[in-house]
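Colleague: Okay, predicted coordinates and the sequence, questions at the end:
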Protein chains: 2
Amino acid sequence: MAQPSRSPPSRARRPAAEGVPRLRVLHGGAPALRLGPLGEALGFHLRLAQEASFAAFARRTGEAGLKPGFFATLAVIHENPGLSQTALGNAVGRDKSTLTPRLAEMEREGLIRRGRSTTDRRSYALTLTPAGEEALSILGTHAAAHDAQLDALVGPEIRAAFLDALRRLNQGLEPEDDE
Amino acid sequence: MAQPSRSPPSRARRPAAEGVPRLRVLHGGAPALRLGPLGEALGFHLRLAQEASFAAFARRTGEAGLKPGFFATLAVIHENPGLSQTALGNAVGRDKSTLTPRLAEMEREGLIRRGRSTTDRRSYALTLTPAGEEALSILGTHAAAHDAQLDALVGPEIRAAFLDALRRLNQGLEPEDDE
DNA sequence: CACGGATCGTAGGGGATCAAACTATCTTGG
DNA sequence: CCAAGATAGTTTGATCCCCTACGATCCGTG
């Protein structure tokens, strides 16, 4: 939690920088209880690490006045202009129904265009506007800094192996979907 | 709300077995779009891997009629009988206000007891009931199987280094909190 | 011992997400 | 060519989570 013990001089209890999410988890000063087998479980630490990473990235994007989810969205549209919302959802790991309001917001803000596909009138053809390209550029800078921070913590020796392991986890844990 | 328990093990693949979360992400059949720099970003793959892991674990606990969040909760209470809700929240990485309804539910289901602390009348002293111990035992079996699956995907050579890296990420990404 | 500040648990608000249901449109088998 | 089934996007409902605010309680100071 915040600062458990030492009562801070309570200086300037600023209201959290306005709009920038706070998002703290576990962390530091905690007395550290016994975790038992949980302390050795990959899944548990995977969750904690991901949540810490997400919170750290959200702090960065918040400073830029942008939402963390925008980055992957913009990046994938940039790399695959004209793709559909469903395809985008698959790429970024979000349900299409989750993207509906996000894309609507991004369109309102002038970051993306949702042109109707010429071959399939059900689907949109997503592209970035110049403002979207610029937002992507800004977010890309933050993302690079964030990932550099992650790299430093993981360590260069195992970075590649670490990333490969993450890929194997993502690919190897698909639902069986038997039947 | 949540009556996740006691859902018949109707292995029928029909309408998502009622209460057992489906939770699919990205995955297989997708045509695999271009990801650009995103494809090399640790943070992105960390998120995908964690979500895949969580979904896989949720499928397991769902079969037992229990919620995935119960496991860490029960495990930490088991290891630290008499702890407070706030301390529990710090240990499992959840805000105390998130635990309020979860613990209320677990108390209703007879898994935990919330005895009043003798030294601090504000806080509860959490302990497991026999039913809670049994639920923990069941969940522990599923968690062990889940973690074995993760271990297999990560690979024994780098498991220890992988886990250490996750710990470093969680500890190294704390908010500055300079304020 | 009274008071101000910190902490415990709870309530309410808001954000993000998924699943199911729905409409519009596409595709395919006969 | 047409009906049945699949698919794109939206809407709605539910869950999970955090943050803020609040009352109750604790604690350190004067």
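Modeller: Received, thanks. Residues are numbered from 1 along each chain as shown, chains lettered A, B, ... in the order given.

Colleague: so what's residue A:112 up against?
Modeller: Counting by CB atoms under 8 Å, 6 or more residues apart in numbering or on different chains, residue A:112 makes contact with A:74, A:77, A:103, A:106, A:126-129, A:132. Bear in mind the C-beta positions are built from the backbone N, C-alpha and C, glycine included.

Colleague: May I have the phi/psi pair for it?
Modeller: phi -130, psi 160 (degrees, to the nearest 10).

Colleague: What does the pLDDT read for it?
Modeller: Model confidence at residue A:112, expressed as pLDDT, equals 98.

Colleague: Quick check: residue A:38 touching residue B:72?
Modeller: Yes. Under the criterion of CB atoms under 8 Å, residue A:38 makes contact with residue B:72 at 6.0 Å.

Colleague: Overlap of the contact sets of these two?
Modeller: Joint contacts of residue A:38 and residue B:72 (CB under 8 Å, 6+ apart) are residue A:44.

Colleague: Test my guess that residue A:87 contacts residue A:80.
Modeller: Yes. Using CB under 8 Å, residue A:87 is in contact with residue A:80, at 7.4 Å.

Colleague: Between the two, which contacts overlap?
Modeller: What both residue A:87 and residue A:80 touch, as defined by CB under 8 Å, 6+ apart, is the set residue B:33.

Colleague: Next, the contact list for residue A:33, please.
Modeller: Contacts of residue A:33 (CB under 8 Å, 6+ apart): B:76, B:79-80, B:83, B:87, B:90-91.

Colleague: Adding distance to DNA strand C, neighbour count and pLDDT, write the residues you listed out as JSON lines.
Modeller: Below are the contacts of residue A:33 laid out as JSON lines (distance: CB to the nearest atom of the strand, whole Å; neighbours: other CB atoms under 10 Å in any protein chain shown; pLDDT from 0 to 100):
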{"residue": "B:76", "distance to DNA strand C": "13", "neighbour count": "22", "pLDDT": "98"}
{"residue": "B:79", "distance to DNA strand C": "17", "neighbour count": "16", "pLDDT": "97"}
{"residue": "B:80", "distance to DNA strand C": "12", "neighbour count": "19", "pLDDT": "97"}
{"residue": "B:83", "distance to DNA strand C": "8", "neighbour count": "23", "pLDDT": "96"}
{"residue": "B:87", "distance to DNA strand C": "7", "neighbour count": "20", "pLDDT": "97"}
{"residue": "B:90", "distance to DNA strand C": "9", "neighbour count": "25", "pLDDT": "95"}
{"residue": "B:91", "distance to DNA strand C": "12", "neighbour count": "25", "pLDDT": "96"}
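
Colleague: Of all pairs in those, which one spans the longest distance?
Modeller: Using CB to CB, the contacts of residue A:33 span at most 13.6 Å, a distance reached by B:79 and B:90.

Colleague: list the contacts for residue A:163?
Modeller: Going by CB under 8 Å, 6+ apart, the list of residues near residue A:163 reads B:40, B:42, B:45.

Colleague: which residues in chain A form helices?
Modeller: A:42-63, A:68-79, A:85-92, A:96-108, A:130-154, A:159-172 (DSSP state H).

Colleague: Could you export the third one as PDB, CA atoms only?
Modeller: Written as PDB, here are the backbone C-alpha positions of helix A:85-92 (Å, rounded to 0.1, in the frame of the first residue of the first chain):
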ATOM      1  CA  GLN A  85     -12.600  -4.400 -35.900                       C
ATOM      2  CA  THR A  86     -12.900  -8.100 -35.300                       C
ATOM      3  CA  ALA A  87      -9.400  -8.700 -36.800                       C
ATOM      4  CA  LEU A  88      -8.100  -5.900 -34.600                       C
ATOM      5  CA  GLY A  89      -9.600  -7.500 -31.600                       C
ATOM      6  CA  ASN A  90      -8.000 -10.800 -32.300                       C
ATOM      7  CA  ALA A  91      -4.600  -9.100 -32.700                       C
ATOM      8  CA  VAL A  92      -4.700  -7.100 -29.500                       C
END
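
Colleague: Just list what it packs against, helices and strands only.
Modeller: Counting contacts by 3 or more CB pairs under 8 Å, 6 or more residues apart in numbering or on different chains; DSSP states H and E, helix A:85-92 is packed against helix A:68-79, helix A:96-108, strand A:124-128.

Colleague: ok so, going back, from the contacts of residue A:163, list the buried ones, please.
Modeller: B:42, B:45 (16 or more other CB atoms under 10 Å in any protein chain shown).

Colleague: Against chain A, which of the contacts of residue A:163 make the cut? List them.
Modeller: Among the contacts of residue A:163, the ones lying near chain A by CB under 8 Å from any CB of the partner chain are B:40, B:42, B:45.

Colleague: pretty sure the last one contacts residue A:171?
Modeller: Put plainly, it is residue B:45. No. Applying CB under 8 Å as the test, residue B:45 and residue A:171 come out as separate, 10.5 Å apart.

Colleague: before we move on, the earlier item: with distance to residue B:57 and pLDDT added, can I get the contacts of residue A:163 in JSON lines?
Modeller: Converted to JSON lines, the contacts of residue A:163 look like this (distance: CB to CB, whole Å; pLDDT from 0 to 100):
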{"residue": "B:40", "distance to residue B:57": "27", "pLDDT": "94"}
{"residue": "B:42", "distance to residue B:57": "22", "pLDDT": "96"}
{"residue": "B:45", "distance to residue B:57": "18", "pLDDT": "97"}
